[in-house]
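Participant: What follows is a predicted structure for the sequence shown.
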Amino acid sequence: MNAASWAERPTVIGRTGKTAVLAAIVVAVVFPVYMVVVTSLSTQEEVTRAGGLVTVPGELSFAAYEELFAGGVVTRAVLVSLGVTVVGTLLSLTVTTLAAYGLSRPGSLLHRPLLFLVLLTFLFGPGLIPKYLVVSGLGLIDSYWSLILPVAVTAFNLVVMRAFFMSIPGEVTDSARIDGAGEFTILRRIVLPMSRGVIAVIGLLYAVGYWNAFFDAVLYLNDTAKWPLQLVLRQYVYQGQSMFVGQSADVVAAGQSPPPNLAIQMSIVVIALVPVLFVYPFVQRHFTKGVLVGAVKG
């Protein structure tokens, strides 16, 4: 009896084609990052010779990074983004975990109405003006909490985590209740240790969202000293070197050529990419397992 077509061993041509497609995808993803990094380390002569983004590295220079961090604007913005990301991720994980566990228990208080409200947010968003009025009414304008509280819980992450909790065998939690354990004890000692994969994935999604967010900062932060890194990057792309003109003037006065404008732009992009690239490999092995198990078994 012949095996199904999807169960047959791929032919040499098939394996070669898959390898070629995967290699092309990797090149398409890695090559732009490579150009950004090389351009951020290039001198004005290299950028002029390339006519834009540099693909073949020549003389490398860290002048663009020295320019950014010497000005103090980017250093402060990095610290702001790190603080918002860490605090926001911890708060979002805590609230999402507690809400998901409560909604995963069929007999919990107001289980169905609360779940209906959560699912309703998939269809209807709050809108920009009502959201701004709520943030303003709570007195969060020009506060870091305006970057955290309005997006503290995402319905998609909540539903995925709830589905994962529901996939845990009920016999495990029932045996703990027979032994006298309460709900918080069951959550802390039984459910959470079994849910490290989905927690890592949801934490990564929240962290990337907080790190890359800039639109809320545009709306709610009037003090430029509180701007996160992504907003500094956006403003710099629009305004050029005006944010760092003092440091450039010092460099010119010392008889040195300032770093090219394009190199400074690319160096900010590199600084914005490094934390995500550093964290992602540590949770990548949990990504497929955490999302798919929670989504399929729910």
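Facilitator: Yep, that arrived.
Participant: roughly how far out does stretch 194-213 sit from the chain middle?
Facilitator: 8 Å (CA atoms, centre = their mean, to the nearest Å).
Participant: swap in stretch 72-79?
Facilitator: Relative to its parent chain, stretch 72-79 has a centroid offset of 18 Å by CA atoms, centre = their mean.
Participant: Repeat that for stretch 71-87.
Facilitator: Relative to the centre of its chain, stretch 71-87 is centred 15 Å away, using CA atoms, centre = their mean.
Participant: Which positions within stretch 83-91 qualify as buried?
Facilitator: 84-85, 88-89, 91 (16 or more other CB atoms under 10 Å). Yep, even glycine has a C-beta here, placed from its N, CA and C like the rest.
Participant: again, but for stretch 140-152
Facilitator: When neighbours are counted by 16+ other CB under 10 Å, the buried residues of stretch 140-152 are found to be 140, 143-152.
Participant: between these, which is closest to G72?
Facilitator: Y144 (18.7 Å; CB to CB).
Participant: quick one: the closest residue to the closest one other than its chain neighbours and M194, what's the gap?
Facilitator: Of all residues not flanking Y144 in the chain, V84 sits nearest, at 6.0 Å (CB to CB, 6 or more residues apart in numbering). Shown here: V84 relative to M194, a distance of 30 Å by CB to CB, to the nearest Å.
Participant: repeat for G125
Facilitator: From G125 to M194 the distance is 33 Å (CB to CB).
Participant: With Y238 instead?
Facilitator: Applying CB to CB to Y238 and M194 gives a distance of 48 Å.
Participant: Give me the more crowded residue out of those two.
Facilitator: The neighbour comparison of Y238 against M194 (other CB atoms under 10 Å) goes to M194, with 14 against 8.
Participant: Tell me which residues of the helix or strand where I25 lies come out buried.
Facilitator: For I25, the host element (DSSP states H and E) is helix 12-40. Going by neighbour count (16+ other CB under 10 Å), the buried part of helix 12-40 is 35-40.
Participant: next helix or strand past it?
Facilitator: helix 44-50.
Participant: Other residues contacting that next one?
Facilitator: Applying CB atoms under 8 Å, 6 or more residues apart in numbering, the external contacts of helix 44-50 come out as 39, 42, 54, 56-59, 257, 259-260, 262-263.
Participant: change it to 10 Å
Facilitator: 35, 38-39, 42-43, 53-54, 56-61, 63, 257-263, 266 (CB atoms under 10 Å, 6 or more residues apart in numbering).
Participant: mind listing which of these are in helices?
Facilitator: Counting by DSSP state H, those place 35, 38-39, 63, 261-263, 266 in helices.
Participant: coming back round to it: go through the buried residues of stretch 140-152 and name the one nearest L229.
Facilitator: L147 (12.1 Å).
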